[in-house]
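In: Sequence first, predicted model second:
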Amino acid sequence: MNDIYAYSDFRAFIRDYYESRKSEVRGFSYRQLAEQAGINSTSYFKFVIDGKRNLTKKTIFKACLALGLKDNEAEYFENLVFFNQATTPEEKTAFFETLLALQQYRNVAVIERDQMEFFREWHHCVIRELAVMADFGKGPDGAPDYARLGKLLNPPISAAAAKASLQLLVDLGFLKKQGTQYLQSEPVVATGPASKENLVMRHQIKMLQLAKETFERCRAQDRYIGSTTIGVSRETFLNLVRKVRDFRTHLMEMVSHDEFPDQVYQLTFCLIPLSEKPGGRG
């Protein structure tokens, strides 16, 4: 399949996908492409390619199914459609910035289901960072000083927990050992489709608990926690989620260029409902 990230025109991508499938599958037609998308109109995609029809939020989802796009690729395609169909310079600029951000992180490694043990304990993700940035020395027996490593965490963990975490990270493929040094197999990882797994949600709850505890454990100048209570529509909520995702991507880009990290931080965004929808107002 053609690389969606190489396209700046979603119509051209659909056209090239169609031509590619037609050359591979004898008799492949616009009818079959429409059937893959669950669309009744046999000439729908022909009209889209020719610029005679636009895609809507609903048909974008169906097009992604037909085109075999999912996760980050589907998100890129959706924003590409919005970018191409935008009617104001402001809209075009916003969607273009999102496209750039998605391009930068198209090769982010996705945590697979058989790696979910990573989320069993909160400290595994911290050890993954500390192991490559901190010199935790050697113990009396010449082995890594797991007690020192454990004390570097805030709150600290035992030497046994630190040792077990390091070994788990190597076994799961998050870290690899090179001599006496540890290296990350991938600089950035993301949950991807597994984001709704129970272990992931438990991990997120634990991180929120740790954030709460920092009010007593950390100095004010070493933390930042802000909150805002707002009233929004469903449409604005979805736009806020998109903005937060974009901002998070930009922050990850900044971190990826940090050559001398010396401390591990947890970044958590929260946008949660604090009311039910009232009735009687249109």
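Out: That came in fine, so what should we check first?
In: which stretches of the stretch 1-150 of the chain form strands?
Out: 109-110 (DSSP state E, counting those that start in this stretch).
In: where does it dip in pLDDT?
Out: Judged by pLDDT under 70, the stretch 1-150 of the chain has its weakly predicted residues at 1, 104-108.
In: does Lys177 sit in a helix or strand, and which one?
Out: Counting by DSSP states H and E, the element that carries Lys177 is strand 175-178.
In: Hmm, Glu75 is touching Ala101, no?
Out: No. Under the criterion of CB atoms under 8 Å, Glu75 is not in contact with Ala101, lying 10.1 Å apart. Bear in mind the C-beta positions are built from the backbone N, C-alpha and C, glycine included.
In: So which residue is dead centre in this structure?
Out: Closest residue to the average C-alpha location of the chain: Ala190 at 5.0 Å, with CA atoms, centre = their mean.
In: what separates it from Phe61, distance-wise?
Out: For Ala190, the distance to Phe61 (CB to CB, to the nearest Å) stands at 21 Å.
In: again, but for Ala160
Out: 48 Å.
In: So between these two, which is more surrounded?
Out: Neighbours per residue (other CB atoms under 10 Å) separate Ala160 from Phe61, with Phe61 holding more: 14 against 11.
In: mind checking how far the more buried one is from Arg242?
Out: 15 Å.
In: now Ile39
Out: On the measure of CB to CB, Ile39 and Arg242 end up 25 Å apart.
In: pretty sure the residue nearest to the centre of the chain contacts Ile111?
Out: Yes. Ala190 is within contact range of Ile111, at 6.9 Å (criterion: CB under 8 Å).
In: What is the burial count for Arg53?
Out: 16.
In: show me what contacts the closest residue to Pro261 other than its chain neighbours?
Out: Nearest non-adjacent residue to Pro261, counting by CB to CB, 6 or more residues apart in numbering: Met133, 5.1 Å away. By CB atoms under 8 Å, 6 or more residues apart in numbering, the contact set of Met133 is 261-262, 264.
In: From Leu152, how far off is Met133?
Out: Taking CB to CB, one finds Met133 at 10 Å from Leu152.
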